[in-house]
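**Q** Sequence first, predicted model second:
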Amino acid sequence: MTDWLKAGNNAVITGGASGIGLASARHYLSVGMNVLIADLDADALQRAAVELKDIGEGALHTQTCDVSDIDQLRALQETASKLGNVHCLMNNAGAALPPNAPWENIEAWKKQLDVNLWGIIHGCHAFVPSMLDAGEPAAVINTGSKQGITNPPGGYAYNLSKAGVKAYTESLAHAFREIEDCPLRAHLMVPGFTYTGMIARFIPDKPLGAWTSEQAVEFMIASLQRGDFYILCPDNDTPRELDEKRIQWNTDDLIKNRPALSRWDASFADDYEAYIRD
Ligand code: NAD
């Protein structure tokens, strides 16, 4: 399932200068892969290059790139093609913009979708055709979020972007399966609460409940080795059983004709608490 995860092969990681992307780069380098990390933040890329420079036998390359711009992804693909075939594409770049009411601040809504959803679609459009042509075992790993599955109120635009990533990546996995002998696999990475740059901006010290990026990547690699499509990471506060119950409750809103997001409706609070306890 992870034939591609080996020395000499090439990985491209967007949002690779920080957090989960950076920890992934460290892992791929440690097994001898060559890694191209792309990020919007040029300073963070420079820091990452210093941090990763002595890891493994593979080469590290960096490139600034805004994933919301398809031309910048095409330029990234051009750089990658000079290094050889791409065996792992991690469309991981993401941002959490301040929450907005569903009817306010259209620009912030567009920006959120441009980065988190279109960034992933751009990555696939720029890289997948040449990965298919190469015909070598390879993985496309797109980063979603539990917020794109259970839709908790607050970060409305973020939730929408990640729900789109889930739907898009499920379609990608199916489309690969439909191609005879296709050596490409798609995976949906769903981090739990992970202490990364995105979180550190709001919370200066790592909360006990959060995982580190390294823990999330360790879980991701074990899931990839099992061939899992859904990489549903737990964290120190959220075991898998709790995630399963939350996802089931959310799905049951539709099936049982409850109000939308009844988990956060006061009139369902007792039912929800009892359901989680049982
Ligand atoms: P992070 O902030 O440490 O890393 C994200 C990286 O993406 C940063 O280096 C940032 O500069 C880069 N980036 C942002 N906008 C970009 C753009 N337009 N083009 C290119 N790069 C851009 O945060 P992280 O938690 O490691 O985030 C990685 C992914 O994990 C994101 O997609 C995020 O939504 C997702 N995620 C994180 C958590 C969590 O708890 N940390 C939970 C669920 C999902």
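**A** Perfect, I can see it now.
**Q** switch to C-alpha atoms for all contacts and neighbour counts from now on
**A** Will do.
**Q** How many residues are close by the residue nearest to residue 84 when sequence neighbours are not counted?
**A** For residue 84, ignoring the flanking residues on the chain, the nearest one in space by CA to CA, 6 or more residues apart in numbering is residue 10 at 7.2 Å. As a burial measure, residue 10 scores 28 neighbours (other CA atoms under 10 Å).
**Q** what about residue 96, distance to the ligand?
**A** Going from residue 96 to the ligand by CA to the nearest ligand atom, to the nearest Å gives 6 Å.
**Q** Quick one: residues contacting the residue nearest to residue 84.
**A** With contacts taken as CA atoms under 8 Å, 6 or more residues apart in numbering, residue 10 has the following neighbours: 33, 34, 35, 36, 83, 84, 85, 86, 87, 88.
**Q** Show me which residues of the protein sit near the ligand.
**A** When proximity is defined as CA under 6 Å from any ligand atom, the chain approaches the ligand at 14-21, 39-41, 65-68, 92-95, 115, 143-145, 191-199.
**Q** State the mean pLDDT of the host helix or strand of residue 128.
**A** Element membership for residue 128, per DSSP states H and E: helix 119-134. Model confidence over helix 119-134, given as mean pLDDT, is 98.
**Q** ok, what's across the strand from residue 230?
**A** Beta-bridge partners for residue 230, by DSSP bridges, are residue 188.
**Q** Touching, it and residue 185? I think so.
**A** No. Residue 230 lies out of contact with residue 185 (CA atoms under 8 Å); the separation is 11.8 Å.
**Q** okay, those two: which has more neighbours?
**A** The residue with the greater number of neighbours, taking residue 230 and residue 185 and applying other CA under 10 Å, is residue 185; the counts read 23 against 18.
**Q** Help me confirm that the more buried one comes into contact with residue 178.
**A** No. In this structure, residue 185 is not within contact of residue 178 by CA under 8 Å, at 11.3 Å.
**Q** just the helices in the stretch 151-278 of the chain please.
**A** Along the stretch 151-278 of the chain, the segments classed as helices by DSSP state H, counting those that start in this stretch run 156-178, 197-200, 213-226, 240-255, 269-277.
**Q** Residue 183 versus the closest residue to residue 145 other than its chain neighbours, what's the distance?
**A** Take residue 145 and drop its neighbours on the chain: the residue closest to it by CA to CA, 6+ apart is residue 190, 4.8 Å away. Distance of residue 190 to residue 183, computed by CA to CA, to the nearest Å: 23 Å.
**Q** Residue 27 too?
**A** Here the criterion is CA to CA. By it, residue 27 lies 22 Å from residue 183.
**Q** show me what contacts residue 102?
**A** If a contact means CA under 8 Å, 6+ apart, then residue 102 has 156, 157 as its contacts.
**Q** go again using 7 Å as the cut-off
**A** For residue 102, the contacting residues are residue 156, taking CA atoms under 7 Å, 6 or more residues apart in numbering as the criterion.
**Q** quick one: it and the ligand, what's the gap?
**A** In this structure, residue 102 and the ligand are separated by 19 Å, where distance is defined by CA to the nearest ligand atom.
**Q** On the three-state scheme, that residue is what?
**A** When states are read from DSSP: H, G, I helix; E, B strand; the rest coil, the local structure at residue 102 comes out as coil.
**Q** And the pLDDT at it?
**A** At residue 102, the predicted lDDT confidence score is 95.
**Q** Residue 6 falls within a strand, correct?
**A** No. According to three-state DSSP, residue 6 belongs to no strand; its state is coil.
**Q** thinking it is in contact with residue 30, fair?
**A** No. Look at residue 6 against residue 30 with CA atoms under 7 Å: they stay out of range, at 9.8 Å.
**Q** Flag whichever of the contacts of residue 10 scores worst on pLDDT.
**A** residue 83 (93).
**Q** Would you list the phi and psi of the nearest residue to that one once chain neighbours are set aside?
**A** By the measure of CA to CA, 6+ apart, the closest residue to residue 83 outside its immediate chain neighbours is residue 10, 7.8 Å from it. Dihedral angles of residue 10 (phi, psi; degrees, to the nearest 10) stand at phi -120, psi 130.
**Q** Distance check, residue 10 against residue 122.
**A** Between residue 10 and residue 122 the distance is 19 Å, computed by CA to CA.
**Q** picking that back up, only C-alpha atoms, please: export the following helix or strand past the helix holding residue 128 in CSV.
**A** On the C-terminal side of helix 119-134, the closest following helix or strand by DSSP H and E is strand 138-143. Extracted in CSV, the C-alpha atoms of strand 138-143 (Å, rounded to 0.1, in the frame of the first residue of the first chain):
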residue,chain,number,x,y,z
ALA,A,138,2.0,7.1,-5.8
ALA,A,139,-0.3,8.7,-3.3
VAL,A,140,-2.3,11.9,-3.2
ILE,A,141,-3.0,12.9,0.4
ASN,A,142,-5.5,15.7,0.9
THR,A,143,-6.0,17.3,4.3
